[in-house]
Structures are given as C-alpha cells and as structure tokens.
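Peer 1: Give me the fold of what follows.
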Amino acid sequence: MNRRRAPHPLLRPFVREVWSCAAEPAGEAQARIERLLPSGLMHLVLRLDDAPVRLLRSPDDPLGEPLAPAVLGGARTAPYLKRLHARSASVGATLLPGAAQWLLGLDADAIAGRHVPLEALLGAEAQRLRERLLEAPDTDARLARFEAWLLARRPPAPGQAGALTRLLRQSPSVGAAVRASGLGRRRFERAFLQATGLSPKAWQRVRRFQRAVGALAATDAPAPAELAAALGYSDQSHLIREFRAMAGLTPGRFRALAPEEPNHLPLEPFRRG
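Peer 2: Have a look, this model is predicted:
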C-alpha cells in the first residue's frame, strides 16, 4: 500500500508532498535500473529495509556507489541512474526552496547534484528517526510519524526563498524578477542559489522541462512543435535538445516509454554477468 499526499498546512511553504510506500511483495521484485529526472527540487528519503540501492555512472557500471538508507538529495539539472533489486519500504518528502535552511541550517547549494547521508547532517537523530519509523505498524502510521518529526522542527513563516521563486515564476525574465525583488542582481542570485541549489536560469530551465514532462505524460499530449511554442522554447529542436540534456532521451522516446511515474524512467532490467 502506498500513500502520497500534500503535507500538513504548516509545512506547505517548505514541503510539496510527503509519501510512504510498502516494500515490493515477495516474488514480484525484479532487479532494474531507473533513470531519475531533475525536478529542480530537493528530496528527503528514508529506506526502511536492507534492499540494496546503488547510484551508477552509466548503465554498464558494474558496481556503482551504495546509497545510504536515509539521504537528502540536492537539486540538479541532469538525470542520474539508480539500480535497485526491489522497491524498499520507505518514507520521504519533496522539499521546496528554503527547506534545507529550515530543516538543517544548510544552504541548498552545498548539496546540489549530490545525495548526502542524513546521518552526516543530523548525527544520531537520523538513526533515531529511522528506528521510530521502523516501529510503525503500516504505511499510514509511518507517514504520520514522519510528518510529526517534520512539524517538531518548527517550520517558520514563509521567508525569502518562497518569495524569490514566486517572483521568478511570475516574471518574464531573470532581470525582471531581480528588479521586482528590490535586490541587487548579485544578491538576488546568491540568495536564490542558497535557497534552491540552482542559479535562477538553471532553475527556470528545469522547471520548464518539468512542465514539458507533465504535458508529454498526459493522454492528450500535444505535438512537439505545439508544446515547444506553448512553453516558450525557440522551436521544436530547442525542446528536443533540452529534453535530451535533462532526460537522456527524446520527447518521442519518453512518450513511447509511458512511465508510470514520469520522473522515474525504466531501463532494461539489470542482469548479472
């Protein structure tokens, strides 16, 4: 059983969603490689069993790098590969700009493009949290305990991070957002990088790419040329170049894959030897 929902209202300035999923049923697990697409956001994940997960440099990487059971994943502009042997029982949250500063007193650019073990950031508290989640009887109880932990960290009132990203979403250019903010360009860009882990231009690129992903995942997806015009790409070729850079494949190939989760693209099942 899996749960995915909006968080408690007090968390919403910093958390887009929280989720909890059960382990893959025995007999259904299949070793596989997934390509994870950039979203421009951070994620916090705690795996609650010993199913191994490794980050790969390429699909042919025979070893990869083991992923810690509890990690904070930074924002990025390129996809990464993950090899898993079964879906783990896990709990997590998708984090909005400013969340790393609130949760950990950490600027987001310190972890951009990386997965950092939660234990390295929280010490023994990370293990205590994982143990409390392991004691919960089901996915709903785990999610409730995880959300209670987030709330106990006393989320502050919405601050500068949310205001800066709203300005950038609403403005026709970075320059216009800077002028509307009342900050100097250098100060705006530095504050934005600290809140999101990405520069304003990189963040705009990734968020536009995510709008393309959402449109292409829909059953009534527009033609590529129409989509390119609607999202402000200079032409269809520009859309395809950006999609290749951030997804590792063309929009057409993405449509053909029809992934169940748009940001988790399946590769061929992993086979030993």
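
Peer 1: distance between stretch 95-113 and the chain's centre?
Peer 2: 12 Å (Cα atoms, centre = their mean, to the nearest Å).

Peer 1: Excluding its own residues, what touches it? List them.
Peer 2: 13-16, 41-44, 72-78, 121-122, 150, 153, 155-156, 159-162, 164-165, 193-198 (Cβ atoms under 8 Å, 6 or more residues apart in numbering). Every residue, glycine included, has its C-beta placed from N, CA and C.

Peer 1: what ranges do the helices span in this structure?
Peer 2: For the chain, the helices defined by DSSP state H cover 99-104, 118-122, 124-135, 139-152, 160-170, 174-181, 185-196, 200-217, 224-231, 236-247, 251-257.

Peer 1: Including mean pLDDT and distance to Ala51, could these go into JSON lines?
Peer 2: JSON lines is the format used below for these (pLDDT from 0 to 100; distance: least, Cβ to Cβ, whole Å):
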{"stretch": "helix 99-104", "mean pLDDT": "93", "distance to Ala51": "26"}
{"stretch": "helix 118-122", "mean pLDDT": "96", "distance to Ala51": "18"}
{"stretch": "helix 124-135", "mean pLDDT": "96", "distance to Ala51": "14"}
{"stretch": "helix 139-152", "mean pLDDT": "96", "distance to Ala51": "16"}
{"stretch": "helix 160-170", "mean pLDDT": "88", "distance to Ala51": "34"}
{"stretch": "helix 174-181", "mean pLDDT": "93", "distance to Ala51": "42"}
{"stretch": "helix 185-196", "mean pLDDT": "95", "distance to Ala51": "31"}
{"stretch": "helix 200-217", "mean pLDDT": "96", "distance to Ala51": "27"}
{"stretch": "helix 224-231", "mean pLDDT": "94", "distance to Ala51": "37"}
{"stretch": "helix 236-247", "mean pLDDT": "96", "distance to Ala51": "26"}
{"stretch": "helix 251-257", "mean pLDDT": "91", "distance to Ala51": "24"}
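
Peer 1: ok, back up a step: tell me the buried residues within the contacts of stretch 95-113.
Peer 2: Using 16 or more other Cβ atoms under 10 Å as the burial test, those include 13-16, 41-44, 72-77, 121-122, 150, 155, 160-162, 164-165, 193-198 as buried.

Peer 1: hang on, the earlier thing: mean neighbour count, the helices of the chain: which tops it?
Peer 2: Ranked by mean neighbour count, the helices of the chain are led by helix 99-104 with a mean of 22 (mean count of other Cβ atoms under 10 Å).

Peer 1: Only alpha carbons, please: show that one as PDB.
Peer 2: The C-alpha trace of helix 99-104 is given here as PDB (Å, rounded to 0.1, in the frame of the first residue of the first chain):
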ATOM      1  CA  ALA A  99      13.600  23.700   3.200                       C
ATOM      2  CA  ALA A 100      17.300  22.700   3.700                       C
ATOM      3  CA  GLN A 101      17.900  26.000   5.500                       C
ATOM      4  CA  TRP A 102      14.900  25.400   7.800                       C
ATOM      5  CA  LEU A 103      15.400  21.700   8.400                       C
ATOM      6  CA  LEU A 104      19.200  21.500   8.600                       C
END
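
Peer 1: how close does Leu168 get to Ala229?
Peer 2: With distances taken as Cβ to Cβ, to the nearest Å, Leu168 is found 21 Å from Ala229.

Peer 1: Can you tell me the closest non-neighbouring residue to Arg244?
Peer 2: For Arg244, ignoring the flanking residues on the chain, the nearest one in space by Cβ to Cβ, 6 or more residues apart in numbering is Thr250 at 6.3 Å.

Peer 1: and the one you found, what does it touch?
Peer 2: Shown in contact with Thr250 (Cβ under 8 Å, 6+ apart): Ile240, Phe243, Arg244.

Peer 1: where does it land on pLDDT?
Peer 2: On the pLDDT scale, Thr250 is placed at 94.
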